[in-house]
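S.K.: need a structure here:
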Amino acid sequence: MRNRIVLSVVSATIITVLTACGGRLTTATKTGGGSSTAAPSSTSMGSPRPASSHASPLASSSPHPEQEGTTSSPATKPVSHRSAASSVRFGPVASQDSTYTISIDPDGTTFTIAFSNIQAGVGDVALDPSYRPTFALTLPLTDGARNSTVTFYASGYAFVTKGATARLIFSVNGHTVVKNFSAGWDDEYIQQLKLPAIPASECQLSLDLEVDQVPGSPDGTAQIGVSSIDGNIK
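M.R.: Predicted structure coming up:
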């Protein structure tokens, strides 16, 4: 019996020692597992290196959009050049006199003719002897595509009392507009005339101012003048 008791105590002691050793080994194994888990974290810290290697192909591909832009930019220049070349413009006026001044914008799309003595009057009106009721001018147009319109504007002032009348006759290449001013008119006016801009042609402009007294109205007064003619091509 004593021997059995001694063997039991020894066996229990051995089991206790083995259990303690096994626990330490398990703890060491778990600790080693944690260190192995940390190793991938160091690999993930190194992940920016592959990312930078991916960034370099993008950087190398960046010249391709520049090459595309370089290829497309020359294509736009001829388009704008052809567009400018195909547009009709106002050409230079060959002759001028001291009764008017004409200015044409550098791009040739607009012009202004300013007058100082295109007037007519009747009745109680004192006009300078140099004033005249008519005007004519030839304005050339350059060559170009048939897709533009030229618009002219005759501007001035009219004053008409009872017993008188005034009239503006504005013509370009045979196309004529007539504006009548009846008694009581005392204001500025603008008369428009729009035509196709025919390439390599001429615009024959003419103005005629007419004033009259109504029969039996010797006190009727009328005065009309043109201050400018403006034009544009669109």
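S.K.: Which stretches in this structure count as helices?
M.R.: Per DSSP state H, the chain carries helices over the ranges 2-45, 48-61, 63-85.
S.K.: Would you mind checking the average pLDDT for the shortest one?
M.R.: Across helix 48-61, the average pLDDT comes to 40.
S.K.: what sits against residue 204?
M.R.: Going by C-beta atoms under 8 Å, 6 or more residues apart in numbering, residue 204 touches 136, 137, 138, 171, 172, 173, 174. Yep, even glycine has a C-beta here, placed from its N, CA and C like the rest.
S.K.: check contacts around the fifth one.
M.R.: Pointing back at residue 172 there. 152, 193, 195, 203, 204, 205, 206.
S.K.: Tell me the spacing between it and residue 187.
M.R.: Look at residue 172 and residue 187: by C-beta to C-beta, to the nearest Å, they are 24 Å apart.
S.K.: Would you mark the buried spots in stretch 220-234?
M.R.: Within stretch 220-234, the residues scored as buried using 16 or more other C-beta atoms under 10 Å are 220-226, 228-233.
S.K.: wait, stretch 210-219
M.R.: Neighbour-count burial for stretch 210-219 flags 210, 211, 213 (criterion: 16+ other C-beta under 10 Å).
S.K.: now these in a markdown table, with distance to residue 122 and pLDDT?
M.R.: Listed next are the buried residues of stretch 210-219 as a markdown table, based on distance: C-beta to C-beta, whole Å; pLDDT from 0 to 100:
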| residue | distance to residue 122 | pLDDT |
| --- | --- | --- |
| 210 | 9 | 97 |
| 211 | 4 | 97 |
| 213 | 6 | 96 |
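S.K.: quick one: which of those residues sit in strands?
M.R.: Counted as lying in strands by DSSP state E, out of the buried residues of stretch 210-219, are 210, 211, 213.
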